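Can you look at this prediction? I've put the sequence above it.
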Amino acid sequence: TQLLEQSPQFLSIQEGENLTVYCNSSSVFSSLQWYRQEPGEGPVLLVTVVTGGEVKKLKRLTFQFGDARKDSSLHITAAQPGDTGLYLCAGARNTGNQFYFGTGTSLTVIP
Amino acid sequence: GAGVSQSPRYKVAKRGQDVALRCDPISGHVSLFWYQQALGQGPEFLTYFQNEAQLDKSGLPSDRFFAERPEGSVSTLKIQRTQQEDSAVYLCASSLWAYQAGELFFGEGSRLTVL
């Protein structure tokens, strides 16, 4: 069961455009991570956020953890073809050892 | 190797056959996870090991699925009497620590196709 819903599921944009991916849940998470996965590879960690309301920036990527720690967003500025991939959020809960992954957002940036 | 290694990368099985998927985690990593991923979807949790102890197997879809990590390093995911719905990519991930919020390092996955 995937506790985290991502939207949109698919996104195709032109190079240079901005975009936002959302990760929502009704559950509270102690931390939340964002991963990017390319075809034929495993996901690779982009960022971890642990504090409600936290904002982290990684070059053109901005990540935000909701105040209630139930949701997160990823904003990409001036997207480039190299940003193409499957973006996944993953949350850890206070109980258990699981990282729950979101449903995924497939991004295609057209040159 | 420096990363998580999975084998085989590709496996084709006839319905009813047993398969075994291997994961070599990063040396010294305490935590090991198995996930099942359908095309274009997010990975779904199968099971978690802390060293050799299987602490959570709540995600295993049926009793045909079995995982072990007997010496706290290499892990094997076994699927008995495979069914077509078992077709997916099986991802293994390891993490240095035993607590949450650590980075998961993934292998490239084993793609299973059941005919």
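Cool, got the structure. Residues are numbered from 1 along each chain as shown, chains lettered A, B, ... in the order given.

use CA for all of it now, contacts and neighbours both
Fine.

Assess the claim that residue B:103 and residue A:45 are in contact.
Yes: in this structure residue B:103 lies within contact range of residue A:45 using CA atoms under 8 Å: 6.7 Å.

Spatially nearest residue to the residue nearest the centre of chain B, not counting backbone neighbours?
Chain B has residue B:34 as the residue nearest its centroid, 3.3 Å off, counting by CA atoms, centre = their mean. With sequence-adjacent residues excluded and distances taken as CA to CA, 6 or more residues apart in numbering or on different chains, residue B:34 is closest to residue B:92, at 4.6 Å.

What strand or helix carries the one you found?
Assigned by DSSP states H and E, residue B:92 belongs to strand B:88-95.

which phi and psi does the residue nearest to the centre of chain B have?
The phi and psi torsions at residue B:34 (degrees, to the nearest 10) take the values phi -120, psi 140.

Provide a list of residues in contact with it.
The neighbours of residue B:34, taking CA atoms under 8 Å, 6 or more residues apart in numbering or on different chains as the test, are B:45-48, B:77, B:90-93.

With adjacent residues omitted, what lies nearest to residue 20?
I went with chain A, as the question did not name one. Using CA to CA, 6+ apart and skipping residues adjacent in sequence, the residue nearest residue A:20 is residue A:75, 4.3 Å away.

looking at chain B here, not the other one
Nearest to residue B:20 is residue B:78, by CA to CA, 6+ apart, at 4.4 Å.

helices and strands around the helix or strand where the one you found lies, which ones?
Element membership of residue B:78, judged by DSSP H and E, is strand B:75-79. In this structure, strand B:75-79 makes packing contacts with strand B:19-24, strand B:65-68, judged by 3 or more CA pairs under 8 Å, 6 or more residues apart in numbering or on different chains; DSSP states H and E.
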